[in-house]
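K.L.:
turn this into a model:
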Amino acid sequence: MIINLHRRKLLKYGAIAIAGAITYPAWVKAGEFVRVNKPSADFHPDVEIELTQNVADIAIFEGQKTRVWKVTGKLVKGPSETVDNNEGTYLAPTLRLKKGQKVRLILNNNLPAQSILHWHGLHVPANMDGNPMYAINEGESYIYEFEIRNRAGTYWYHAHTHGVTARQVYSGLAGLFIVSDEQEQALNLPSGDYDVPLVIQDRSFDTDNQLSYSSHMMQRMQGFLGEQIFINGRPDFVLPVATHAYRLRLLNGSNSRVYKLAWDDDTPVTVIGVDGGLLECPEQHSYVMLAPGERLELWMDFSGRAVGSELTLRSIPFAAATHGMGMMGGQGMMGGGMGMGGHGRGGMMGGMGMMSVSPLPPGSDYPVLKFRVTKKEQGNNALPKVLTPITALRMKDAQNAANPKTITLSMRHMSALLNGRSYLMNDIQPDEMIPVNTLQLIEFDNGFSMGMHGMMMDMPHPMHLHGEQFQIVKREMNSGAQENYQTVAAGFVDNGWKDVVLVMPGEKVTILKPFNDFKGTFMVHCHNLEHEDMGMMRDLLVK
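P.N.:
Now for the predicted structure:
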């Protein structure tokens with residue numbers, strides 16, 4: 001079934017039905033749950049921003065405008081460059097903040113549904129994190145107040161409303177949150193016009209230029225796959241560049257699509273940053289993997305290229321991330337997707353049986369973003385050999401070093417589960433309680449221990465933990481999944497601070513995560529947003 005997102009009432013009533021089913025755990029009822037709807041008298045912000053969510057019509061294609069859900073920002077207090085509203089696109093404002101700033105963000109919800117925003121990757125108090133329990137109704141406001149504690153990096157924010165996150169993000173409720181600090185500024189990295197945020201998404205449209213979204217169960221199980229790639233809210237995107245070095249900040253803002261990115265002329269991909277900011281040193285890869293919710297910062301120097309030349313960043317073939325249930329390695333190596341033109345028209349999304357019929361099948365070969373050299377310039381930035389120091393977390397310092405916390409990932413009986421459980425707001429179990437100010441050793445097990453590879457529901461899962469960021473310790477792969485795994489293994493950038501990690505079928509990934517400073521409920525979930533909405537999410541109570 002294709003849902004035309006112009007039909008507002010369907011979303012409204014769907015959200016109300018979900019909201020009506022929400023109950024709260026005993027500890028929440030006892031007083032820890034506080035929905036913030038007025039400013040704190042003792043909080044004195046350096047920056048204040050009002051974010052208003054409205055239904056809007058945006059001109060994306062010729063002809064009829066596209067109905068979207070648009071966030072508009074108003075800077076109440078702070079530097080003038082803080083808010084960029086991305087006029088003319090469905091993207092939410094890009095926010096630029098500095099480490100140490102105290103920020104007040106006022107969210108006004110004028111949408112015909114409940115909504116709440118999550119500050120993805122930011123280390124903030126539990127009631128500022130955007131847990132679905134804090135969702136506000138149409139006509140209500142939520143006030144976030146927190147200090148920017150994160151190091152410089154490319155973070156983002158998006159809707160996090162229980163059961164409808166995927167649809168709300170798809171409709172437009174997502175934007176970048178870029179943090180800078182003195183350490184980063186001392187490196188003399190490309191800045192201004194040479195520091196370019198790039199949000200990668202996929203979308204589908206009907207013949208009236210309206211967003212279309214599949215609600216077919218099999219499509220939800222694999223995750224939504226759009227028919228056309230969008231960059232910064234625009235189709236057929238070409239970025240004009242000068243003969244200069246660029247800092248390219250990539251966000252995979254797609255609901256479920258995994259990208260294997262490489263330059264079309266085989267230039268090595270130079271990575272300088274990940275989810276939580278800059279690496280210690282630049283890394284070079286022949287290709288890089290970018291899962292939903294992940295960010296990568298690339299260095300690309302166009303200084304040796306001729307004016308008029310072009311370079312394309314492509315997603316190249318891979319087998320291991322095929323979403324086809326029990327069909328690993330099947331569609332995943334199919335080549336020749338539709339490309340950046342072609343204006344997909346909603347056709348057969350959802351399809352028959354378990355086959356994806358997207359013009360851009362997962363794991364296929366298609367262009368993502370084209371760069372065109374349009375002018376010659378003198379002067380350039382040099383790539384630093386050393387970026388920023390990172391203190392490595394140690395396994396021996398984990399509070400549970402002798403007994404790692406295992407989170408099993410599974411898809412069965414049309415359900416998406418963590419440790420065999422679906423998401424419930426009133427269901428925090430003893431093994432989901434974590435002492436505050438501890439370092440935890442956590443294992444994400446996607447069929448590694450059970451030998452599940454090759455069975456029904458072999459799927460990759462980009463796992464996200466709210467709150468403070470983590471470090472990846474190791475990856476282990478089930479022997480039965482090695483052949484597919486080798487098509488992606490060289491593309492993982494596992495150094496630095498992370499908040500999303502892609503866990504492949506048959507794989508176990510071990511991480512070290514601090515739970516410092518803040519008590520309360522934080523979340524762990526799959527960032528395939530359809531999986532999240534199906535219940536592949538749990539609360540963690542830090543106490």
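
K.L.:
Provide the secondary structure category for Asn380.
P.N.:
coil (DSSP: H, G, I helix; E, B strand; the rest coil).

K.L.:
burial count for it?
P.N.:
Neighbourhood size, Asn380 [other Cβ atoms under 10 Å]: 15. Glycine gets a C-beta too; all of them are placed from N, C-alpha and C.

K.L.:
gap between it and Pro190?
P.N.:
Between Asn380 and Pro190 the computed distance is 9 Å (Cβ to Cβ, to the nearest Å).

K.L.:
what touches both of the two?
P.N.:
244-245 (Cβ atoms under 8 Å, 6 or more residues apart in numbering).

K.L.:
shaky segments in the stretch 1-150 of the chain?
P.N.:
Residue ranges of the stretch 1-150 of the chain with pLDDT under 70: 1-35.

K.L.:
going along the chain, name the helices of it.
P.N.:
Remark: helices assigned in the stretch 1-150 of the chain by DSSP state H, counting those that start in this stretch are 8-20, 26-27.

K.L.:
pLDDT weak spots in the stretch 351-500 of the chain?
P.N.:
Using pLDDT under 70, the flagged stretches of the stretch 351-500 of the chain are 351-358, 451-457.

K.L.:
one more time with 80, if that's ok
P.N.:
Within the stretch 351-500 of the chain, the stretches with pLDDT under 80 are 351-358, 413, 426, 450-457.

K.L.:
how close does the residue lying farthest from the centre of the chain sit to Val307?
P.N.:
The C-alpha centroid of the chain is most remote from Gln378, which lies 36.2 Å away (Cα atoms, centre = their mean). Separation of Gln378 from Val307 (Cβ to Cβ): 13 Å.

K.L.:
ok, now Thr154?
P.N.:
29 Å.

K.L.:
and for Ile442?
P.N.:
50 Å.

K.L.:
I'd assumed Asp539 was in contact with Met425.
P.N.:
Yes. Counting by Cβ atoms under 8 Å, Met425 sits close enough to Asp539 to count as a contact (7.3 Å).

K.L.:
please say which of those two ends up with more neighbours.
P.N.:
Asp539 (26 against 17).

K.L.:
what's the helix or strand that contains that one in contact with?
P.N.:
In the assignment (DSSP states H and E), Asp539 maps to strand 537-542. Residues outside strand 537-542 that contact it (Cβ under 8 Å, 6+ apart) are 27, 126, 131, 418-419, 421, 423, 425, 427-428, 432-436, 465, 467, 515, 518-526.

K.L.:
which residue ranges make up the domains of the chain?
P.N.:
Residue ranges for the domains of the chain, per automatic domain parsing: 2-181, 192-375, 395-542.

K.L.:
next, format these as JSON lines and append distance to Pro389.
P.N.:
Shown next, in JSON lines, are the domains of the chain (distance: least, Cβ to Cβ, whole Å):
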{"stretch": "domain 2-181", "distance to Pro389": "10"}
{"stretch": "domain 192-375", "distance to Pro389": "6"}
{"stretch": "domain 395-542", "distance to Pro389": "11"}
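
K.L.:
ok, which of the ones you listed comes nearest Lys385?
P.N.:
domain 192-375 (6.7 Å; Cβ to Cβ).

K.L.:
ok, now which ones touch Arg372?
P.N.:
Residues near Arg372 by Cβ under 8 Å, 6+ apart: 238-241, 308-310.

K.L.:
list the ones among those residues that fall in strands.
P.N.:
The members of those that map onto strands under DSSP state E are 238-241, 310.
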